[in-house]
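[1] Quick one, structure for this:
(one chain, ligands or ions: 1)
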Amino acid sequence: MNRCKEVIPIILLVLSFLYVVKIICAPVELHKVFHYQSNASHLSLGKLIFYFDEVPEITVKKREHTEFMHEYVFSFSNATIVLQEVQDAIEEIKLGRYAYNLAINSNDANKILDVIFSFDIRDIGFVRQEFVAITGQKAVAFNFYNKHTLERLQKKETGPILQTTCNKRHPIICIDSGHGGKDTGAIGINGTKEKCVCLSLAKQVGDELKKNGLRVRYTRLSDEYISIEDRICFAQKKNVDLFISIHANASSNRLISGTETYCYNPIFSKTVYTTVENIDMSYLHLYQKKMFHKSFAFAQYVHEYLCDTLVTQNPYFCDRDIKHGSAQVLYAAEVPSILVEVGFISHPDEEKLLNSFVYQQSAARAIVRGIKDYIAST
Ligand SMILES: [Zn+2]
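    The predicted structure follows:
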């Protein structure tokens, strides 16, 4: 008996040690990869973002091919790619031609994931950031900047490139209906698909905006799959002034209900590496802060009208507030942008409401009042 008492703590100690070893040695899984290329005249030239379940250990090697042509190799150690679609996304990114040379070497058997950039340091600079995405995934982002535009920013030059204000007379609003096609989004207990609720809401918001004399562009008007990259490129090509992404929420807890609105706040992204050393980056931070204030004001108008309206029609309504989340569309957008989660499709009663035309119409009208008031305030 006494011996047992002596052995048990030792076994427990060994088991906890093995558990810690398992955690430390477990590979970090790459869930998603996303590359977005901007217009060459923009401040941002492109973004490459990796979404992991945990931040992997990253090492960097720098090689100077010539005085100005530099190469950076980032190695993600012990990273694994489980999903074929992630491997496919990497292959697609490798085929593209960008303002910078970009290569990705992945060998899952050896847990190798290397990202290699090379560019002329006179033209391009990049900043590596880390942040937590809305989904809880840990993002590692490489942001490429046009160095000449950064220099102009430093000289406090203003111009259309850095215009953050809305075209008040004839603003164009981009309505991004979440998900679509093979991407159904969340599915409610009664079978409601998030993609259908988003599309119906987006159309009603668009119709209402047009009735108010505003110009509208939709990222989708049918049940089709559109990648996040294409949504952002679309908004950029159409020179939109505002971007609103419409979604319905979901939780494993069916009792959770209510409305929440997201906007991206740069303070939650930690800069961990930069090649831009001879430029005062505080001007870039100032510019990003200005953009955040605009997005936040936009979120406030829309969220408040939505809450004031939906609380009168929904006994399960809960104001879940404005959150500073880094959804892909918000991180990459270059105009004031918000993402609205109108209600929880996973809450059976809210699911029914989200499906009803009357509730959708009320939500759409509230969103439009918010958009109009935001524009009037700029
Ligand atoms: Zn969604």
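[2] give the contact list for the residue of the stretch 1-150 of the chain found nearest the ion.
    Minimum separation of the stretch 1-150 of the chain from the ion (CB to the ion) falls at Ile134, amounting to 9.3 Å. Bear in mind the C-beta positions are built from the backbone N, C-alpha and C, glycine included. Residues in contact with Ile134, defined by CB atoms under 8 Å, 6 or more residues apart in numbering, are 262, 325-327, 339.
[3] who in this structure is up against the ion?
    With the criterion set to CB under 5 Å from the ion, the chain comes near the ion through 178, 185, 247.
[4] Next up, phi/psi of the last one, please.
    Put plainly, it is His247. Note on His247: its backbone torsions stand at phi -140, psi 170 [degrees, to the nearest 10].
[5] which ones are touching it?
    Going by CB under 8 Å, 6+ apart, His247 touches 178-179, 185, 194, 198, 339-342.
[6] for these, which one is nearest Arg63?
    Leu339 (39.6 Å; CB to CB).
[7] Please name the residues that touch that closest one.
    134, 244-247, 261-263, 325, 327, 329-330.
[8] bridging residues for it?
    When bridges are assigned using DSSP bridges, the partners listed for Leu339 are Ser245, Tyr262.
[9] Name the nearest residue to Leu353, ignoring sequence neighbours.
    Counting by CB to CB, 6 or more residues apart in numbering, Tyr359 is the residue found nearest to Leu353 once chain neighbours are left out, at 4.4 Å.
[10] Asn278 belongs to a strand, doesn't it?
    No. Following the definition DSSP: H, G, I helix; E, B strand; the rest coil, Asn278 is coil and is not counted among the residues of a strand.
[11] in the stretch of helix or strand Ile375 belongs to, what counts as buried?
    Taking DSSP states H and E as the criterion, Ile375 maps to helix 357-377. The neighbour-count check on helix 357-377 (16 or more other CB atoms under 10 Å) flags 359-360, 362-375 as buried.
[12] Tell me which two in those residues are the farthest apart.
    By the measure CB to CB, the buried residues of helix 357-377 have their two most distant members at Tyr359 and Ile375, which lie 25.0 Å apart.
[13] I figured Ile93 hits Ile104, correct?
    Yes. The pair Ile93 and Ile104 passes the contact test of CB atoms under 8 Å, sitting 6.4 Å apart.
[14] Show me how the record splits this protein into domains.
    The record, using automatic domain parsing to delimit domains, assigns the chain the ranges 28-151, 162-270+286-377.
[15] Least reliable of the ones you listed by average pLDDT, please.
    For the domains of the chain, the weakest mean pLDDT is recorded on domain 28-151, namely a mean of 89.
[16] Between the two ends of that one, what distance do you get?
    38 Å (CA to CA, to the nearest Å).
[17] Off-centre distance for it?
    How far domain 28-151 lies from its chain's middle: 16 Å, per CA atoms, centre = their mean, to the nearest Å.
[18] Check stretch 359-371 too.
    Centroid displacement of stretch 359-371 relative to its chain, using CA atoms, centre = their mean, is 23 Å.
[19] now stretch 194-209
    Taking CA atoms, centre = their mean, one finds the center of stretch 194-209 at 21 Å from the center of the full chain.
[20] And for stretch 140-157?
    Centre to centre, stretch against its chain (CA atoms, centre = their mean), the figure for stretch 140-157 is 20 Å.
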